[in-house]
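>>> predicted structure and sequence below. I'll ask about it afterward.
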Amino acid sequence: MRVLVLSQFPETPNNAFWQLFSANAEKVLFGQENYQWRQLRLSSVINKLFKRYLLEDLIMSYTVEDYVKNYQKDFLQELSVEERLTGLSPDQRLQGLSPADVLPRLSPDDIEAYLSKLKSQRSH
């Protein structure tokens with residue numbers, strides 16, 4: 001097992017990647033300015049993390065759980081409505097909606113047909 005003490009790594013171009021994970025703001029900025037990305041897919045994930053990191057002036061306690069939660073929120077915004085609703089039951093789709101939210105979206109004929117169905121079920 002090796003333990004890497006990032007704060008002790010010298011600020012050189014070959015250590016720029018490791019500086020990205022330093023607790024020292026100056027070293028993080030050095031890493032950001034000097035690391036040459038080789039995998040563009042990974043760079044977009046790291047760049048999203050840096051945007052959040054820089055918004056907090058590099059002084060924050062941002063956990064992996066925080067990142068995953070924020071990433072999921074951002075990812076959900078990129079999905080279509082149909083993709084977001086996939087796998088949800090009708091009850092889950094309607095959760096939090098009142099009849100006043102739902103009924104205006106139904107035609108009067110659909111409402112009457114459903115009420116007739118309920119009345120006939122009750123009489124049997």
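That came through fine. Here the structure is a predicted model, which is why all the values come from computation and not from measurement.
>>> C-terminal to the lowest-mean-pLDDT helix or strand in the chain, what's the next element?
Ranked by mean pLDDT, DSSP states H and E, the weakest helix or strand in the chain is helix 40-55, scoring a mean of 64. Per DSSP states H and E, the first helix or strand lying C-terminal to helix 40-55 is helix 64-78.
>>> what are the contacting residues of the helix or strand following that next one?
Counting by DSSP H and E, the element after helix 64-78 in chain order, helix or strand, is helix 81-85. With contact meaning Cβ atoms under 8 Å, 6 or more residues apart in numbering, helix 81-85 is reached by 76, 93. In short, each C-beta sits where N, CA and C put it, glycine included.
>>> quick one: average confidence on helix 81-85?
Throughout helix 81-85, pLDDT has a mean value of 92.
>>> okay, now the unreliable bits of the chain?
Residue ranges of the chain with pLDDT under 70: 38-47, 49-62.
>>> OK, contacts around the residue most central in space within it?
Closest to where the C-alpha atoms of the chain average out (Cα atoms, centre = their mean) is residue 72, at 2.0 Å. Contacts for residue 72 were tallied using Cβ under 8 Å, 6+ apart; there are none.
>>> where's it relative to residue 14, distance?
Per Cβ to Cβ, to the nearest Å, residue 72 is found 34 Å from residue 14.
>>> chain neighbours aside, what residue packs nearest to residue 35?
In space, and not counting its chain neighbours, residue 35 is closest to residue 16: 4.0 Å by Cβ to Cβ, 6 or more residues apart in numbering.
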